[in-house]
Structure formats: C-alpha cells, structure tokens
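Visitor: predicted model and sequence below, questions to follow.
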Amino acid sequence: MSRRIMSVIGLLAVSAVLAAGGVGFAASAAEDVYNKTTSALYEKAKQEGALVIYSVWDVEHLVKITEAFSKRFPGIKTSYWQGRNPEIITRVMTEFQAGQGSVDSILSDNAPPVLRAAGAIMPYETVQKEFLILHDPTMPVVSLQIQALAYNTKKLKPADLPKDWEGVTNPKYKGNVALDDPMRAGPLSTQLAALKALWKDDARFARFVKGLKALGVPVHKSTSAMFRLVISGEYAIAMPALLHDVMSEKEKGTPLDLVKTVPPIVFARNAAVYAKAPHPNAAKLLGEWLISPEGQAALDSVGREASRKGFPSKTSIDSAFGPGTKAIGVQDKLFLEDPKKWLDTNVKPLWEG
C-alpha cells in the first residue's frame, strides 16, 4: 500500500474520531457553560438568601421541586404561593404598579407572557437554549403543556377514531366528546391559536370552530374534571387531553389511549423572573436548574413534561408518539399576550354567533 493511500486512510480515521467525539465535546462545552453560570448565580443567590415563587402548579409538585432545589443549592430559603393564572396576573400587576419587590419567579404557562407585555417581567435568556424544544429569549422554558387527542378504548375502536384534530368535528361524534371551554383561555383555546396560525386559512378555522359547536355538548372549565368524564366512559373523546394525564392513567390500566396520528400541540411553561424581583439571581438559578437534566428529572418525578430535547421520560413526545414526531407550537403573539382579546376577536363571533 502506498504512503499516499495510507495518509488518506489516516486522515479519514482521524476525521471519523473527531466526528464521533463531536457530540461529546459539544455536550462537555455546554455543561461547562452551565456549571460556570450556575456557580456564579449561586454565589449571588446565597447572598440574597431567599426565593419566592408564584405558580399555578399543584402544591405537592411545588413542595417536591423546591425541596430538590434547596438540596442542590443550600442556603436559599424557598417559599411559594399557588393560584390560578388570572389570580397570579392580578396579584403581580397590583404589586408591580405599587412598586413592590414581592415575588421572584413565576412558574406558569399563560401568566408570564401577559405579564411580560405589561413590562412586569425581567428579560432573561437561559444559557441552555440549544437544548430546548421551545425557546423563548426572555423567559426560560422549563416544561411543556403537551396536548393530545385521547379516547376511551371501551367506547371507540381504533378503526372509528378521528385521524386529525379536524376529524373530531365529524357529526358521528356528536354528543360523545368531552369539550374544553374554548373561551376560557384554557387548553382548547391554546389549541385554536396554534391551529389558526398553522393553517393560515380563515375559512378552514371557521369550519373547525363551528364544527366543535355543532357537537352539541356542554363545555367544561376544568380540564381534569372533563378528563375524568372520559375515564368514566361518559364521553368517548377528550378534546383535548394533557399528555401527562393520559400516560398516568394508562400506567394504572385505565381504558385510555392516544390517537397517535394527531400531532401534539405544545405550549411553553416558563420560569419567568419578575421585573422587581428582590432575589433575581435566585430566580435565574431556579430557571437554569429546572432546565438541567437534574431539574428535568425533578419535574418528571411529579409527572410534568420535560422541555429539554432528548430527555428520557414517559411523557416526552418521542416516547408517547414515536421518534421524530413534529409538534405544533403556540406562537401567536396576540394570543400569548392578551388571550381574551384574541378569543373575542377570533373565536367569540364563531362560537356565539
């Protein structure tokens, strides 16, 4: 074998080694950035000494997550207040307008974009943005609301299932769909905003909304209450269901499953930093930690969906729907910042007209 050929083979071998190690090198570099960032934030957060959280999340979830955070970062006293999104928005805006440094981190979905539009959120971009399924340059996305179409397997056979979101409006499902209230800025409202932006077709969107109305079912203001009606068999289809609820029930042996031909809809859950936060470094540290594999594991332990790409979880999109599944994100700026105005403009005339 000639020296020239041997040289070429050697170069190819070196290239292969570098390519194989590229992922590991990138991961190590990203890990180094995360460690340096959190180390610096932690030193400042320890001087602040506290972290105050407002959240819509379940109290038992907040307890476990704050305990895990405190164990990882001792010396920061954590406390929280739990309420619904409208309550959080009202409380934060009252405090913001009064110039009060009350809360630090706002863990929620609907509330942070509304508060950001009012100037009540301090912009902060995570150093881990490359690992996120959804990224917001002003607020860390620490978890996702993942919507799925779910059905009671005793009420419907696979051959009778809708093939897409629009298929739910088929008259054959009339009276058999547990329907979220589209005017309450809940999961169905979120879905409508995502699909309208995706379709870019007003006539198609109008047919869809009117088709949902024609199902002739009462609407529900509680996703969990609505979901329980599908579990009990009172309805066959949950429009929509939350993925973590579906996977939890399947583990229990509940006769429930996903319609996997229907792409999931994803909505960001943020760890936003309040504009007048008395402990801003602690709030930033919480956001970074929640995105890290350790923080994502803490979220996964209470059944909350991960926002980190490739995180192994039964509630991940890849695990539930299969690798490579493309989700539909909620990106309509008006809906995110003023859902009531968006609904009054785009849905109310169709729903109530």
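Guide: The structure has been received and is ready for your questions.
Visitor: check this protein and tell me which residue is nearest its centre.
Guide: Leu144 (1.5 Å; CA atoms, centre = their mean).
Visitor: ok, now how distant is it from Ser105?
Guide: According to CB to CB, to the nearest Å, Leu144 stands 18 Å off from Ser105. Using the backbone N, CA and C atoms, a C-beta is placed for each residue, glycine as well.
Visitor: picking up where we left off before, helix or strand for the residue nearest to the centre of the chain, which one?
Guide: strand 141-152 (DSSP states H and E).
Visitor: next SSE downstream of that strand?
Guide: strand 177-180.
Visitor: what packs against that following strand?
Guide: Counting contacts by 3 or more CB pairs under 8 Å, 6 or more residues apart in numbering; DSSP states H and E, strand 177-180 is packed against helix 187-199, strand 219-220, helix 223-231, strand 237-242.
Visitor: tell me which of those sits most buried.
Guide: Across those, the average number of neighbours (mean count of other CB atoms under 10 Å) peaks for strand 237-242, which reaches a mean of 26.
Visitor: and the contacts of that one?
Guide: 145-152, 156, 162, 168, 173, 176-180, 187-188, 191, 212, 223, 226-227, 230, 265 (CB atoms under 8 Å, 6 or more residues apart in numbering).
Visitor: per-residue pLDDT, Ala13?
Guide: Model confidence at Ala13, expressed as pLDDT, equals 35.
Visitor: find the nearest non-adjacent residue to Glu249, please.
Guide: Leaving out its chain neighbours, the residue that sits closest to Glu249 by CB to CB, 6 or more residues apart in numbering is Leu256, at 4.9 Å.
Visitor: which residues touch that neighbour?
Guide: Contacts of Leu256 (CB under 8 Å, 6+ apart): Ala150, Tyr151, Asn152, Thr153, Val230, Ile231, Val246, Glu249, Lys250.
Visitor: select, from the residues you listed, the two members most distant in space.
Guide: Val230 and Lys250 (12.7 Å; CB to CB).
Visitor: quick check: bridge partners of the residue nearest to the centre of the chain?
Guide: Here Leu144 shows beta-bridge partners Ala268, Glu305, assigned using DSSP bridges.
Visitor: these two touch, right, it and Ile265?
Guide: No - between Leu144 and Ile265 there is no contact under CB atoms under 8 Å: 9.9 Å.
Visitor: extract the C-alpha set from the strand or helix carrying Tyr54 and format it as CSV.
Guide: Using DSSP H and E, Tyr54 sits within strand 50-55. Provided in CSV are the C-alpha atoms of strand 50-55 (Å, rounded to 0.1, in the frame of the first residue of the first chain):
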residue,chain,number,x,y,z
ALA,A,50,-34.4,33.6,49.6
LEU,A,51,-36.6,32.7,46.6
VAL,A,52,-40.3,33.5,46.3
ILE,A,53,-42.3,31.7,43.7
TYR,A,54,-45.9,32.3,42.4
SER,A,55,-47.2,29.3,40.5
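Visitor: which other helices and strands contact it?
Guide: In terms of contacts (3+ CB pairs under 8 Å, 6+ apart), strand 50-55 is packed against helix 59-72, strand 77-82, helix 85-97, strand 105-108, helix 280-291.
Visitor: name the helices or strands packed onto the shortest one?
Guide: Strand 105-108 makes packing contacts with strand 50-55, helix 85-97, strand 265-274, helix 280-291 when contacts are defined by 3+ CB pairs under 8 Å, 6+ apart.
Visitor: name the strands paired with that strand and say parallel or antiparallel.
Guide: According to DSSP bridges, strand 105-108 has these partners: strand 50-55 (parallel), strand 265-274 (antiparallel).
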